[in-house]
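Novice: I'd like to go over a predicted model; first the sequence, then the structure.
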Amino acid sequence: MATLAGLMALSRALESSGYLMLAGTHLLRRIHSEHMLGVALVLFAAALSAVVTNDVALFIVLPLTLGLRSMADLPAGRLIILEALAVNAGSTLSPVGNPQNLYVWQAAEAGFVAFTLAMPPLGLGLLIIVLALVPMALRAGSVSPSALKQPVRLERGALWLTLPAYPLFLLAAEAGWALPAAGIIAGVFLLLRPALLRDLDWSLLLVFMLMFVNLGLLAQLHAVAAQTAYVDALPGGLFTAAVLLSQLISNVPAAIFLAEFSSDWRLLAWGVNVGGFGLAIGSLANLIALRLAGEPGLWLRFHVWSIPVLLLSWLLGLGLLQAWG
């Protein structure tokens, strides 16, 4: 929880600096075709999610997309669907890319480097699948390079406060000092940027705390623990079990629950990341994207794209596991 709180605070500070929005705006001003716009937004969202978590990446990329919708004739709904899928794929690559990776990394006591090296085969494969959807989802028409004209408010102080703190905090978390490091960040922000702490999603932290407690207690019930005997009978074992459970209770609770029954953190991490696709409930990022879009009928259209991506991603994971063991 301390690691999650610290990263949320740092990500919020980086977002508030405005420089990520500025980078995205410069990128979009140089795009001249709808296909290239889709590819750029997918890659931008995926790269951001690996650094500042998938949820924060959406809060940066979606406003750009919604701004484009009011200035050009673009299929914003399909762009938002692609971005939701992209942050789920890109966040797979990093221990801090999403809450389920953060939990598995910390709970398994896997080293930051070891965890990072275990994820690219799956994460890059997932990103390729999402990129392959771009020509099917978007037209080959042109986009005006001057579509984005609104100024971006920059806060250099927030940027310089965050940039050195990010790697130092990750090193502290790796060494098991997440709690005092999060306390230091909270103290510094309280003195210099109190509004950032006030704007944090404290309700989300509370939800995760309740998840840890309730699912930990649930896993200790004999009747529940007995059901895990069937996991090995599934193709892919724990990997497939994590994918399926994510469709029922979302991937973060699935990671918390299944971690009680297995020490194979790689299979678990792969499964809950693939489980972010499929049904909207599979990942909190999906729900955020669909809610912010505010477009009628988008929930149904999201599943038209996301469920096939889930099936392809599951087959990809099985193939990689079979090839590499």
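Specialist: Yep, that arrived. Residues are numbered from 1 along each chain as shown.
Novice: what about T65, which SS state?
Specialist: Here T65 is helix, with the state taken from DSSP: H, G, I helix; E, B strand; the rest coil.
Novice: residues in contact with it?
Specialist: By CB atoms under 8 Å, 6 or more residues apart in numbering, the contact set of T65 is 41, 76, 79-80, 83. No exception for glycine: its C-beta is placed from N, CA and C like everyone else's.
Novice: do you know the pLDDT at it?
Specialist: Looking at T65, its pLDDT is 79.
Novice: tell me which helix or strand the residue nearest to it when sequence neighbours are not counted sits in.
Specialist: Leaving aside its sequence neighbours, T65 sits nearest to L79 (CB to CB, 6 or more residues apart in numbering; 5.1 Å). Element membership of L79, judged by DSSP states H and E, is helix 76-90.
Novice: circling back: who are the contact partners of the residue nearest to T65?
Specialist: 37-38, 41, 65, 68, 138.
Novice: I'd guessed M209 sits against M1; true?
Specialist: Yes: in terms of CB atoms under 8 Å, M209 counts as a neighbour of M1; the distance is 6.1 Å.
Novice: looking at those two, which is more packed in?
Specialist: M1 (16 against 12; other CB atoms under 10 Å).
Novice: buried sites along stretch 173-187?
Specialist: Of the residues in stretch 173-187, 173-174, 178, 181-182, 184-186 count as buried by neighbour count, 16 or more other CB atoms under 10 Å.
Novice: show me the shaky parts of the stretch 201-325 of the chain.
Specialist: Residue ranges of the stretch 201-325 of the chain with pLDDT under 70: 204, 208, 211-232, 325.
Novice: where does pLDDT dip in the stretch 51-200 of the chain?
Specialist: 67-73, 141-152, 174.
Novice: would you map the strands across it?
Specialist: Ranges of strands within the stretch 51-200 of the chain: none, based on DSSP state E, counting those that start in this stretch.
Novice: helices of that one, start to end?
Specialist: Along the stretch 51-200 of the chain, counting by DSSP state H, counting those that start in this stretch, helices occupy 54-69, 76-90, 99-108, 112-118, 120-137, 156-174, 178-192, 194-198.
Novice: out of the ones you listed, deepest packed?
Specialist: Most buried of these, by mean neighbour count (mean count of other CB atoms under 10 Å): helix 76-90, with a mean of 27.
Novice: next, the angle from that helix to helix 120-137.
Specialist: Here helix 76-90 points in a direction 170 degrees away from that of helix 120-137 (axes from the mean of the first three to the mean of the last three CA atoms, to 10 degrees).
Novice: next, the angle helix 54-69 makes with helix 76-90.
Specialist: Angle, helix 76-90 to helix 54-69, by the same axes, to 10 degrees: 160 degrees.
Novice: may I have helix 76-90 exported as CSV, CA atoms only?
Specialist: What follows is helix 76-90, C-alpha atoms only, in CSV (Å, rounded to 0.1, in the frame of the first residue of the first chain):
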residue,chain,number,x,y,z
ALA,A,76,-13.1,9.3,-31.0
GLY,A,77,-14.9,6.3,-29.6
ARG,A,78,-12.7,3.8,-31.4
LEU,A,79,-9.6,5.8,-30.5
ILE,A,80,-10.6,5.6,-26.9
ILE,A,81,-11.1,1.9,-27.1
LEU,A,82,-7.7,1.5,-28.7
GLU,A,83,-6.2,3.6,-25.9
ALA,A,84,-7.8,1.5,-23.2
LEU,A,85,-6.4,-1.6,-24.8
ALA,A,86,-3.0,0.1,-25.3
VAL,A,87,-2.5,1.0,-21.6
ASN,A,88,-3.4,-2.5,-20.5
ALA,A,89,-0.8,-3.8,-22.9
GLY,A,90,1.9,-1.2,-22.2
